[in-house]
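Asker: for reference, the sequence and a predicted model appear below.
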Amino acid sequence: MDLRLTDEQDQLVDAFAALYAKHATGDRLREVEPLGFDPVLWDLLRDQGVLEMAVDPAHGGWGASPLDLVLIAEQHGRRVAPAPLIEAQVAARLLARLGGDWLEPVLSGERLVTLALHPAEDGRARGVPAGAVADDALVWTGDQLLLMPLEGIRSPFENIGSLPLADVAMVDGEVLADGPEAEAAVEAALDDWLLLTAAALVGIGARSLEVGVEYVKERVAFDVPIGSFQAISHRLADSAAALDGARLLTYEAAWAAEDEPDRARELTALAFAMAGETARDASYRSLHFHGGYGFMLEYDIQLYWRRARAWSNVWAEPAAGYRRAADARYGRR
Amino acid sequence: MDFRLGSDAETLREDVRAFLDEVLPDDVAERIYRSGVSHDAAFVQALIEQGWFAGAWPTEVGGGGLDPTAVMVIAEELSKRDAPTNGSGVSLMVAKTLLKFGTDAMRRDIVPSVLRGETVCVLGFSEPEAGSDVANAKTRAVRDGDEWVINGSKMFTTNAQIGDYVYLLTRTDPDVPKHKGLTTFLVPLDHPGVEVQAVYTLSGERTNITYYHEVRIPDSARIGEVNDGWRVLTASLMDEQAASFAAWIVRLLDEAEQWAEETGRIDEPGVRERLGRVAAEAEVALLLRRRCTWMDDNGVARNVEGPMSKLYSSEAITRAAQDLFDLMGPDGARSYLDPSSPRGGTLDYLLRFSLGTTIYAGTSEVQRSIIAQRGLGLPR
């Protein structure tokens, strides 16, 4: 067992932590609401090579490990960054799995491609993440994987997490793949999305906890800092333990993606569920312990509370991860 | 990062399982459970033969010289089978304290005897009026020449009815702040004035209340300096491997999964969700425990990783046992070891067992305070 990050991974974390701290500030987040897309930040992230990292060298990428991507996603979540990092990376990986020439305009920055997390139904792909800002979406119809240019067929909608979501009315897109192999590639893409979103949710939870801890150390009531009250400190301690656990589980799932593929799907789904519930609880507690200030838009904790709920539910409630894990564990019936 | 424990550890795990199949067959396990005593002399001898009894101890002092990972793997497997290890665990902890703070005679005679499985020591910290606030102990030790006279009572002195010595926390100076007036002793349990009274618990384990009436012992029974008992006691507790109930959660999940397979209910999405949640909790509990082991193995100082392992795993097993008990409905309510009970009534047992986990070895409230203060830096 080895829980140490490599020196390169430490540097990666430091570099992205610094980038996000500088560019994904609370003020900037508010400026780009309600759409939730900061083109300046997105250009900076692409300059750092976030798309190349996600793709293996055989397809023109740099071949970062799943754990590397998880570490970046965690930093992304810590600043609830308004950029379609995860969707773009996952879509690029899906295109790489399929082979073909579709990846080239993605890596060159010409096209921003996202993916629908659920199969299209009744001619619609609902709630496509980054659908409001991407150029194209990969949509699974149940037997075909289509690449749909989004211009003219998308309907963005406002949402609790200020995410650039859109419903997409299906037209005839380009068929990239079909059959069981395509379905397997789509399932693998969902695993990727769940893994990176789990990491982002760990980041949201961890930062929420820090914000709450800072507040209750400073805030005085009844002549003492409120962090000395067990009614407060014990709930935060529960979150601290759960967050460490969710983070370890997410790292383990990332490790399993390469080193224990038989368990990877199960661990990934468990990590998503655990991270989602933990981020939800940590942001709730932190907001609540701000008292009335937590309810005010001026305080940053509301930014975290809203996104902790939205980022997981773009796919499904966190507990859906337990069902997906059980399907991997016991087989689908 | 690498989450594998390594091939040595997995080989050892198989060895421990095979060993348990042999020395702890169902009828022996049932006899031990029904006795209410988590200690069995024959089992201890078998462990000693394998070199797994004092596995963590260096070989120079008679231990197994095993690394923290090996010790953890053995503990995980013993826990899954409910092997009778409470008596040995406590005895070894006391012996370790004697090595550090005991007299030459204690080190020469008692420690080797513990390592041979011939001497059982029990803890005398808690009192009827002092549990989590253990420094508030009222049991008095008063000096009388070269002797001490002890009066008081101790709660949860588990195994005192079969044990040889009690590691006793006493108040030797009532006039100073409570942490500064404590002294520890090693008192023979067959000493005149020591009375052991049985206390029966929900998990089926028997514990005791012990009374000390004019117990006159020589100064040579003292462990550590006079009024330095708090330091001795905290050193004893610090040395412990991180507590974890992860292995019990794994067992709980295993039983519930088999029940769900046998009844066909495993096909229901709602059942799958509940089992999936327990699978996540089991994995997280294992990881929090393994992180401590990895730190120990690599000489990384722990801060609140131990308390997190204890808090998370005990709260998780308490929640999971209740949920899976509910899932099984009438099947879960049938008693442990009753011939009519599905899965041998294990859910009934683990539900009752889980209640103690958030209480002993530091309540969840104590663990949360440690995490809040030492981990998060919140004020006292």
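Answerer: Great, that's in hand.

Asker: what number of residues lie near residue B:105?
Answerer: Counted with other C-beta atoms under 10 Å in any protein chain shown, residues neighbouring residue B:105 total 11. C-betas here are computed from N, CA, C, even on glycine.

Asker: the closest residue to it other than its chain neighbours: how many residues sit nearby?
Answerer: Leaving aside its sequence neighbours, residue B:105 sits nearest to residue B:220 (C-beta to C-beta, 6 or more residues apart in numbering or on different chains; 6.6 Å). Using other C-beta under 10 Å, residue B:220 is surrounded by 13 other residues.

Asker: as a check, name the ranges of all helices in chain A.
Answerer: With DSSP state H as the criterion, chain A has helices at A:7-23, A:26-31, A:39-47, A:50-54, A:66-78, A:85-98, A:103-107, A:179-218, A:230-259, A:261-289, A:301-313, A:320-330.

Asker: got TSV for those helices, with distance to residue B:145 too?
Answerer: Putting the helices of chain A into TSV (distance: least, C-beta to C-beta, whole Å) gives the following:
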stretch	distance to residue B:145
helix A:7-23	63
helix A:26-31	72
helix A:39-47	79
helix A:50-54	77
helix A:66-78	65
helix A:85-98	76
helix A:103-107	88
helix A:179-218	53
helix A:230-259	46
helix A:261-289	58
helix A:301-313	65
helix A:320-330	67
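
Asker: measure the most far-flung residue of chain A relative to its centre to chain B for me?
Answerer: In chain A, counting by C-alpha atoms, centre = their mean, residue A:223 sits farthest out from the average C-alpha position, at 40.9 Å. Noted for residue A:223: a distance of 12 Å to chain B, by C-beta to the nearest C-beta, to the nearest Å.

Asker: just the pLDDT at that residue, thanks.
Answerer: pLDDT for residue A:223: 97.

Asker: can you check residue B:239 too?
Answerer: Residue B:239 is given a pLDDT of 67.

Asker: do the one 3 residues further on as well
Answerer: Residue-level confidence at residue B:242 comes out at 80, pLDDT.

Asker: quick one, what contacts it?
Answerer: B:289, B:292-293, B:302, B:305-306, B:309-310 (C-beta atoms under 8 Å, 6 or more residues apart in numbering or on different chains).

Asker: run the last query once more with 10 Å
Answerer: With contact set as C-beta atoms under 10 Å, 6 or more residues apart in numbering or on different chains, residue B:242 has these partners: B:68, B:72, B:288-293, B:295-296, B:302, B:305-310, B:313.

Asker: phi, psi of whichever residue of the stretch 101-250 of chain B sits closest to chain A?
Answerer: Of all residues in the stretch 101-250 of chain B, residue B:246 sits closest to chain A, at 10.8 Å by C-beta to the nearest C-beta. Note on residue B:246: backbone dihedrals following degrees, to the nearest 10 are phi -60, psi -40.

Asker: what separates it from residue A:92, distance-wise?
Answerer: For residue B:246, the distance to residue A:92 (C-beta to C-beta, to the nearest Å) stands at 37 Å.

Asker: same question, residue A:243
Answerer: Separation of residue A:243 from residue A:92 (C-beta to C-beta): 29 Å.

Asker: repeat that for residue B:219.
Answerer: 76 Å.

Asker: what do you get for residue B:135?
Answerer: Applying C-beta to C-beta to residue B:135 and residue A:92 gives a distance of 60 Å.

Asker: the two - which one has more neighbours?
Answerer: Neighbour totals were compared for residue B:135 and residue A:92, and residue A:92 leads with 27 against 19 (other C-beta under 10 Å).
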